[in-house]
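> Have a look; sequence and predicted model below, questions after that.
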Amino acid sequence: MIKDKFGKDLDGWVKRLCPFLFRREVNPNLLTVMGTLVCIGAAWAFGNGMLLTGALLLWGGGLFDLVDGVVARHFGNSTAFGAFLDSTLDRLVDMAVLIGLCIHYASVGDPVTATVAGVALAASVLTSYTRARAEGLDIELHVGIVERGERVILIVAGGVFGIMEPMLWVLAVGASATVVQRFTVARRSLGQRTLEQVESAGEEQGSGLAHGK
């Protein structure tokens, strides 16, 4: 939701706020990996009960995730592997952060919040998977009230303002609702088409693109 609304303005904002990133060519994959390492540090902090530290590290790692694509587009070195790397490491971060929160709440004797964090983890993974799988079947799923940007904001806000428990509830419910939304749209879009029909349509589209149609 946030990405779809503000994504078109992102390049300009990043270039104005971080001009030093564009003075010489930077490998965007390096930025992606650095951001992931920072976020893994956030997961470790959450697991050890340092919620504010974890939130600040997650915010810092998220900045890397914002700028890597902008840098790649600016220098004209966007690659398919870079997109694959970015998407895969995003999933790693999502899981690590929520596992850290599950560990923290389980260790302090709060099984309810630990379970809520677990539900949020499962729903977050499904949110990403449903979109990826739908795109593999030639369906665009640009729907959902809680996508990755919103998930990060909720966790960061929870740690910074000391309201992690209610933010996890919002995340769990919102991400679950997003999964239901995406299943509904996919069901409507696919209708009664068979897998063979969907794959055939994808092959024809790919053939058309290959021939410049």
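Thanks, I have it. This one's a predicted model, so the numbers in the text were calculated from it and none came from an experiment.
> so what pLDDT did the most centrally placed residue in the chain get?
The residue lying closest to the centre of the chain (C-alpha atoms, centre = their mean) is R148, at 3.6 Å. pLDDT, R148: 86.
> Now do the same contact list for it.
R148 sits next to K3, D90, D94, S124, T127, S128 when contact means C-beta atoms under 8 Å, 6 or more residues apart in numbering. For the C-beta atoms, the positions are set from N, CA and C on the backbone; glycine is no exception.
> other SSEs contacting the host helix or strand of the second one?
Taking DSSP states H and E as the criterion, the element that holds D90 is helix 80-107. Contacting helix 80-107 under the criterion 3 or more C-beta pairs under 8 Å, 6 or more residues apart in numbering; DSSP states H and E are the following elements: helix 28-47, helix 51-75, helix 111-136, helix 148-160.
> residues of that helix that come out buried?
Neighbour counts using 16 or more other C-beta atoms under 10 Å place 82, 85-86, 89-90, 93-94, 96-106 of helix 80-107 among the buried residues.
> With stretch 47-67 instead?
Buried residues in stretch 47-67 (16+ other C-beta under 10 Å): 47, 50-51, 53-62, 64-67.
> any idea how far that stretch is from the chain center?
Centroid separation between stretch 47-67 and its chain, computed with C-alpha atoms, centre = their mean, to the nearest Å, is 14 Å.
> Could you do stretch 88-99 as well?
That offset, for stretch 88-99, works out to 9 Å (C-alpha atoms, centre = their mean).
> same question, stretch 86-95
That offset, for stretch 86-95, works out to 7 Å (C-alpha atoms, centre = their mean).
> Provide the contact partners of that stretch at residue level.
32-33, 35-36, 39-40, 43, 61, 65, 68-69, 121, 124-125, 128, 132, 148, 151.
> Derive a PyMOL selection command for the buried subset of these.
Remark: buried members of those, expressed as a PyMOL selection using 16+ other C-beta under 10 Å:
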select buried, resi 32+33+35+36+39+40+43+61+65+68+69+121+124+125+128+148+151
